[in-house]
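> sequence plus the predicted model coming up.
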Amino acid sequence: MNTAASVRESRGQAQGHGAGEWLAHLVLWLGIAVTAFPLYIAFVASTLTAQDIAQAPMSILPGGHGIENYRQILTQGLQGTYLSPPVWQMMWNSLQMALIITIGKIVVSILSAYAIVFFQFPGRMLAFWLIFLTLMLPVEVRILPTYAVISDLGMINSMTGLTLPLIASATGTLLFRQFFLTIPDELVEAARIDGAGPLRFFKDVVLPLSATNIAALSVILFIFGWNQYLWPLLITTDNRLDTIVVGITKMIGTDASVTNWAHVMGTTLLAVLPPALVVVLMRRWFVKGLVDSEK
Amino acid sequence: MAGIRFINVSKQYGSGSAAVKVIHGVDAEVHHGEFVVIVGPSGCGKSTLLRMVAGLEAITGGEIAIGERVVNRVDPADRDIAMVFQNYALYPHFNVFDNMAYGLRIRKLPPAEVKARVEKAAATLELSHLLQRKPRQLSGGQRQRVAMGRAIVRQPQVFLFDEPLSNLDAKLRAQTRVEIRKLHAELGITSLFVTHDQVEAMTLAQRMMVMNAGLMEQFGSPEEVYARPATTFVAGFIGSPPMNLLAGRAEGRFFHIGGERLALPAAAPREGALTLGVRPEHAHIGSAAGWPLRVELGEMLGAERLVYGRLGDAAFTLRIAGTDIPPASGSTVQMVVAPEHLHWFDAPGGKRVG
């Protein structure tokens, strides 16, 4: 055996300061740069005027018009055109929609998972498999029948119409079902003997144990709700109900006016902020919820 | 007040031709304040029987009465019972105090009363300094005591224990056994204790129910069960090392087993195919002619020694004092058994005769 070579190799790996480590860091920095660079450019663009952007090459250093740009888009938007309301209003719409969807989805999925796991009723497994099958039906696939139903119900152009079809959630049900299955039978029996009925057991035992799962799922669902594009585009014709995602696309490439890229970039950055904030704030709970097991 | 009565209790799963019967007609009465152990091998139905008393399993045949009340259709929460589980089943997000208080709070006891009961039980079980801790911060033995505390504060008519010592290490098991006995002496509450360990059964029980394959084979005090086992199963299950069981034919003053003819100190209760049982400690090595044991090997246990050998075709275990000179391996010794230490069982059925 070539012992000298193997000793050299193992020594290099054991130290951790060899070429391998340096390379790993380089790759990570490159990755960060590639991911963050477009956001940086967007930020720079939002601090320039529209003419500065049109003139190539665009500066890669921030300009001085940031404050006035942001103030204008936040308070005025592109008023006077049929396009978009002020950005603060669009962000408020998006926030409402995302929050309603998140809370609605969690309530529906946790209750349906509870029913499927802890109760015996005829058609239980059928119900579960039907819910599971709906995973094959994302928003885009079911859009036509959903539109027809919402339209018939007269809910076009309402927050209800915007959020209701997106609330039923198979992913959430599945996640909570898997978690509920890990609750030991003996715990349920002990609670039964203690005198806890089904709702009491849900409130006192199941909910507290699910807290980290709920936190993790909230993050995912909030971002899902915030990013919805197709459904809000279809369902609302009134400008005042525009969500920010829809608003951004409306700002670009219209024949009514020249696109003000500085404004568009600023709006985009504002749109990215709330989900990023949610992830950062809930990050601790997010990881804990996916990995943790208290029992 | 509250004993437990089993009236022809049976349990089957499924129905019609696919039915599986796991408990066949158990009839027994547990007296008020008695500590009864249900013991048997895995799968004998002991846990199922306990869970039927608890109300966690439906009673498909017969009746169970707690006190004067038949509880077949009564909800577990209303049966006035408390249960200690093998895996403790503590609420992970509650601290020790809340774990013990939960059942009382649901029953809307006033907070002062709840506090008093929990603190008293905690003092008895030496948990007072742990009341604010969560279960994951406790050792196995401490968790088991919290589980017992949770049962005690309920002041129920019946305590049910489902193999509570199985998850503890040997030393802790012995300690907790003593604690359970002391607790029972102090509280005097009717208790049903399920275990597969015959040592736990013998040490804890005032009376024990030996179960096998869904049948109650014997129900009596440890002394009775040990001295007069009702079936070959009980004879072989209780006692360690187990009783020697020899299958053969009785004829007059002789018992014919494979490869040997044994002279009996007393005649068998009847002629024909029988099973003879002799406990290892009841056979003594004598100088006169007796039953020839071909010694194979011995095990030194300290105070006693086990001698393994063959009597005819059958294996036979003999127990002698540790200080006695052990017979050499390969030698043949003559064994003598007193007539009162012969146990006779029916050959096909296994039931005791005489």
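Right, received. Where do you want to start? Nothing here was measured: the structure is a model prediction, and the numbers come from that model.
> now do the domain split for the chain, please.
No chain in the question, so chain A it is. Taking automatic domain parsing as the reference, chain A has its domains at A:3-75, A:87-291.
> can you look at chain B instead?
If you go by automatic domain parsing, chain B breaks into B:4-230, B:241-346.
> tell me which of the ones you listed is the most buried.
Each of the domains of chain B was scored by mean neighbour count; the highest is domain B:4-230, a mean of 18, by mean count of other C-beta atoms under 10 Å in any protein chain shown. C-beta here means a position set from N, CA and C on the backbone, and glycine is covered the same way.
> name the residues of the stretch 251-354 of chain B found near chain A, please.
Residues of the stretch 251-354 of chain B found near chain A (C-beta under 8 Å from any C-beta of the partner chain): none.
> closest residue of the stretch 251-354 of chain B to chain A?
Among residues of the stretch 251-354 of chain B, the one nearest chain A by C-beta to the nearest C-beta turns out to be residue B:350. It sits 35.2 Å away.
> if we can go back for a sec, can you redo the domains of chain A as a markdown table with mean pLDDT, mean neighbour count and distance to chain B?
Converted to a markdown table, those look like this (pLDDT from 0 to 100; neighbours: other C-beta atoms under 10 Å in any protein chain shown; distance: least, C-beta to the nearest C-beta, whole Å):
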| stretch | mean pLDDT | mean neighbour count | distance to chain B |
| --- | --- | --- | --- |
| domain A:3-75 | 76 | 12 | 34 |
| domain A:87-291 | 87 | 17 | 4 |
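> okay, those domains in a markdown table with distance to residue B:337 next?
Formatted as a markdown table, the domains of chain A follow (distance: least, C-beta to C-beta, whole Å):
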| stretch | distance to residue B:337 |
| --- | --- |
| domain A:3-75 | 70 |
| domain A:87-291 | 47 |
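> and residue A:37, how close does it get to residue A:186?
55 Å (C-beta to C-beta, to the nearest Å).
> re earlier: take the domains of chain B and lay them out in a markdown table including mean pLDDT and distance to residue A:53.
What follows is the domains of chain B, written out as a markdown table (pLDDT from 0 to 100; distance: least, C-beta to C-beta, whole Å):
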| stretch | mean pLDDT | distance to residue A:53 |
| --- | --- | --- |
| domain B:4-230 | 93 | 55 |
| domain B:241-346 | 91 | 92 |
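> and these as a markdown table, adding distance to residue A:49?
A markdown table is the format used below for these (distance: least, C-beta to C-beta, whole Å):
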| stretch | distance to residue A:49 |
| --- | --- |
| domain B:4-230 | 57 |
| domain B:241-346 | 96 |
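> center of chain A, which residue is that?
Chain A has residue A:223 as the residue nearest its centroid, 1.1 Å off, counting by C-alpha atoms, centre = their mean.
> not counting its neighbours along the chain, what's nearest the residue nearest to the spatial centre of chain B?
Using C-alpha atoms, centre = their mean, the residue of chain B that lies closest to the mean C-alpha position is residue B:39, 3.0 Å off. Sequence neighbours aside, residue B:201 is the residue nearest to residue B:39 in space, at 3.8 Å (criterion: C-beta to C-beta, 6 or more residues apart in numbering or on different chains).
> I'd like to know which elements the helix or strand containing the one you found is packed against.
Taking DSSP states H and E as the definition, residue B:201 sits inside helix B:198-204. Identification of packing neighbours for helix B:198-204 by 3 or more C-beta pairs under 8 Å, 6 or more residues apart in numbering or on different chains; DSSP states H and E yields strand B:35-39, helix B:170-187, strand B:190-195, strand B:207-212, helix B:222-227.
> quick one, the helix or strand just after the fourth one and strand B:207-212 angle?
Right, strand B:207-212. Past strand B:207-212, heading to the C-terminal end, the next element that is a helix or strand (DSSP H and E) is strand B:215-220. On the basis of axes from the mean of the first three to the mean of the last three C-alpha atoms, to 10 degrees, strand B:215-220 is oriented at 160 degrees to strand B:207-212.
> tilt between strand B:215-220 and strand B:35-39?
Between strand B:215-220 and strand B:35-39, the angle formed by their directions is 140 degrees, by the same axes, to 10 degrees.
> strand B:215-220 pairs with which strands, and in what direction?
Here the strand partners of strand B:215-220, with direction, are listed using DSSP bridges: strand B:207-212 (antiparallel).
> residues in contact with the strand it pairs with: which ones?
Judged by C-beta atoms under 8 Å, 6 or more residues apart in numbering or on different chains, the contacts made with strand B:207-212 from elsewhere in the structure are B:28, B:30, B:34, B:36-41, B:44-46, B:49, B:201-202, B:216-222, B:225, B:233-234, B:237-238.
> and what of stretch A:50-58?
With contact meaning C-beta under 8 Å, 6+ apart, stretch A:50-58 is reached by A:41, A:44, A:45, A:48, A:59, A:63, A:258, A:260, A:261, A:262, A:263.
> if we use 10 Å, what do you get?
Judged by C-beta atoms under 10 Å, 6 or more residues apart in numbering or on different chains, the contacts made with stretch A:50-58 from elsewhere in the structure are A:41, A:44-46, A:48, A:59, A:63, A:65, A:69, A:258-265.
> just the CA coordinates for that stretch, please, in PDB.
These are the backbone C-alpha positions of stretch A:50-58, laid out as PDB (Å, rounded to 0.1, in the frame of the first residue of the first chain):
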ATOM      1  CA  ALA A  50     -35.900  56.900 -15.900                       C
ATOM      2  CA  GLN A  51     -33.500  58.600 -18.300                       C
ATOM      3  CA  ASP A  52     -30.400  57.300 -16.500                       C
ATOM      4  CA  ILE A  53     -31.600  53.800 -16.900                       C
ATOM      5  CA  ALA A  54     -32.400  54.200 -20.600                       C
ATOM      6  CA  GLN A  55     -28.900  55.400 -21.300                       C
ATOM      7  CA  ALA A  56     -26.600  52.500 -21.600                       C
ATOM      8  CA  PRO A  57     -24.400  51.600 -19.800                       C
ATOM      9  CA  MET A  58     -26.400  51.900 -16.600                       C
END
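> distance from it to the middle of the chain?
The chain centre lies 33 Å from the centre of stretch A:50-58; the measure is C-alpha atoms, centre = their mean, to the nearest Å.
> repeat for stretch B:262-269
32 Å.
> now the end-to-end length of that stretch.
16 Å (C-alpha to C-alpha, to the nearest Å).
> show residues contacting it.
B:246, B:248-256, B:274, B:276, B:289-292, B:311-312, B:335-342, B:344, B:346, B:352-354.
> including distance to residue B:128, could the helices and strands packed on helix B:198-204 go into TSV?
Rendered in TSV, the data for these read as follows (distance: least, C-beta to C-beta, whole Å):
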stretch	distance to residue B:128
strand B:35-39	26
helix B:170-187	15
strand B:190-195	24
strand B:207-212	34
helix B:222-227	34
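> circling back: of the contacts of stretch B:262-269, which belong to strands?
Of those, the ones assigned to strands by DSSP state E are B:246, B:248-251, B:254-256, B:274, B:276, B:291-292, B:311, B:335-337, B:344, B:346.
> that older thread, secondary structure class for the residue nearest to the centre of chain A?
Under DSSP: H, G, I helix; E, B strand; the rest coil, residue A:223 falls in the helix class.
> ok, the closest residue to it other than its chain neighbours - contacts?
Once its chain neighbours are removed from consideration, residue A:223 has its nearest residue in residue A:275; the separation is 4.8 Å (C-beta to C-beta, 6+ apart). By C-beta under 10 Å, 6+ apart, the residues touching residue A:275 are A:94, A:98, A:219, A:222, A:223, A:224, A:225, A:226, A:227.
> of these, which pair is most distant in space?
Using C-beta to C-beta, the two most remote members of the contacts of residue A:275 are A:94 and A:219, lying 15.9 Å apart.
> so residue B:95 sits against residue B:122, correct?
No: counting by C-beta atoms under 10 Å, residue B:95 sits too far from residue B:122 to count as a contact (11.6 Å).
> now the common contact residues for those two.
Going by C-beta under 10 Å, 6+ apart, residues that sit against residue B:95 and also against residue B:122 are B:130, B:131, B:146.
> the residues you listed into CSV, with extra columns for secondary structure and distance to residue B:110?
As requested, the shared contacts of residue B:95 and residue B:122 are exported to CSV (DSSP: H, G, I helix; E, B strand; the rest coil; distance: C-beta to C-beta, whole Å):
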residue, secondary structure, distance to residue B:110
B:130, helix, 24
B:131, coil, 19
B:146, helix, 23
